[in-house]
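Trainee: Predicted model and sequence below, questions to follow.
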Amino acid sequence: MKVAVASGIPFVGFGIADNAIMIVAGDYIDDKLGVRFGLSTLAAAGFGNLISDVVGCGLGESIDAAAHKIGIRAPPLSPVQLDMVITRRTKLFGSAFGVAIGCLIGMAPLLFMEDRKQVYFNDDELSLFETVFAPHGVSAQQFFALVHFARWHNEEAGTVLVRQGDVLDRVFLIHTGCAKALDCPYP
């Protein structure tokens, strides 16, 4: 039991730091760079994980030192005992259990973050946002709310969009292509 606890406690600290940093960094990357550079959520998570792993390498020794400082040490074992299968498995189990508990605790930042998952655009939406709306100060969240009330249409050349005298109950925005206004009345 002492071997498992001594192996696991430092990994609790590592799991907390690793998951908390990954979540906060990944969320920041997703929010600030995701829409701008077209990064997927998984790409943002990957970059967040990269940052947390690099920081975790630096924290590893500090976490071990803190565990030693509070008195968590492996029991003195002989080289033969250290090489026993049961000892290696116990260390592995303690470490795995510790990092699992730490990772669950490290998810605490999720309790304080707003869910921005719904603000993702397909290629056409992203193009429209970047070329027409973003330059005029419309935020990604505002555009997202607007675009989901809209209906996208692809029309063939020569299609009549509005006839003279029609009452308009919608707004047309031509994203690609062009339109002509003709003076001739239609029957």
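Mentor: That came in fine, so what should we check first?
Trainee: and stretch 13-31, average pLDDT?
Mentor: If you average the pLDDT over stretch 13-31, you get 88.
Trainee: Select the helix or strand of this structure having the lowest average pLDDT value.
Mentor: Sorted by mean pLDDT, DSSP states H and E, the helices and strands of the chain end with helix 35-37, the least confident at a mean of 72.
Trainee: And Glu125, how far from Phe14?
Mentor: Distance from Glu125 to Phe14, counting by Cβ to Cβ, to the nearest Å: 40 Å. C-beta here means a position set from N, CA and C on the backbone, and glycine is covered the same way.
Trainee: of these two, who's got more company?
Mentor: More crowded of Glu125 and Phe14, by other Cβ atoms under 10 Å: Phe14, with 21 against 18.
Trainee: Quick check: phi and psi at the more buried one.
Mentor: Per-residue torsions, Phe14: phi -60, psi -40 (degrees, to the nearest 10).
Trainee: Extract the CA atoms of stretch 95-108 and return them as PDB.
Mentor: What follows is stretch 95-108, C-alpha atoms only, in PDB (Å, rounded to 0.1, in the frame of the first residue of the first chain):
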ATOM      1  CA  SER A  95       0.700   6.000 -10.700                       C
ATOM      2  CA  ALA A  96      -2.300   5.300 -13.000                       C
ATOM      3  CA  PHE A  97      -4.800   5.700 -10.300                       C
ATOM      4  CA  GLY A  98      -3.100   8.900  -9.100                       C
ATOM      5  CA  VAL A  99      -3.100  10.500 -12.500                       C
ATOM      6  CA  ALA A 100      -6.700   9.500 -13.100                       C
ATOM      7  CA  ILE A 101      -7.800  11.200  -9.900                       C
ATOM      8  CA  GLY A 102      -5.600  14.200 -10.700                       C
ATOM      9  CA  CYS A 103      -7.000  14.500 -14.200                       C
ATOM     10  CA  LEU A 104     -10.600  14.400 -12.900                       C
ATOM     11  CA  ILE A 105      -9.800  17.200 -10.300                       C
ATOM     12  CA  GLY A 106      -7.900  19.100 -13.100                       C
ATOM     13  CA  MET A 107     -11.200  19.300 -15.000                       C
ATOM     14  CA  ALA A 108     -12.400  21.900 -12.400                       C
END
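Trainee: Buried ones in it, by neighbour count?
Mentor: Neighbour-count burial for stretch 95-108, counted by 16 or more other Cβ atoms under 10 Å, picks out Ser95, Phe97, Gly98, Val99, Ile101, Gly102, Cys103, Gly106.
Trainee: which among these gets closest to Gly26?
Mentor: Gly106 (12.3 Å; Cβ to Cβ).
Trainee: OK, contacts around that closest one?
Mentor: If you count contacts by Cβ atoms under 8 Å, 6 or more residues apart in numbering, Gly106 has them with Gly15, Ile16, Ala17, Asp18, Asn19, Ala20, Met22, Ile23.
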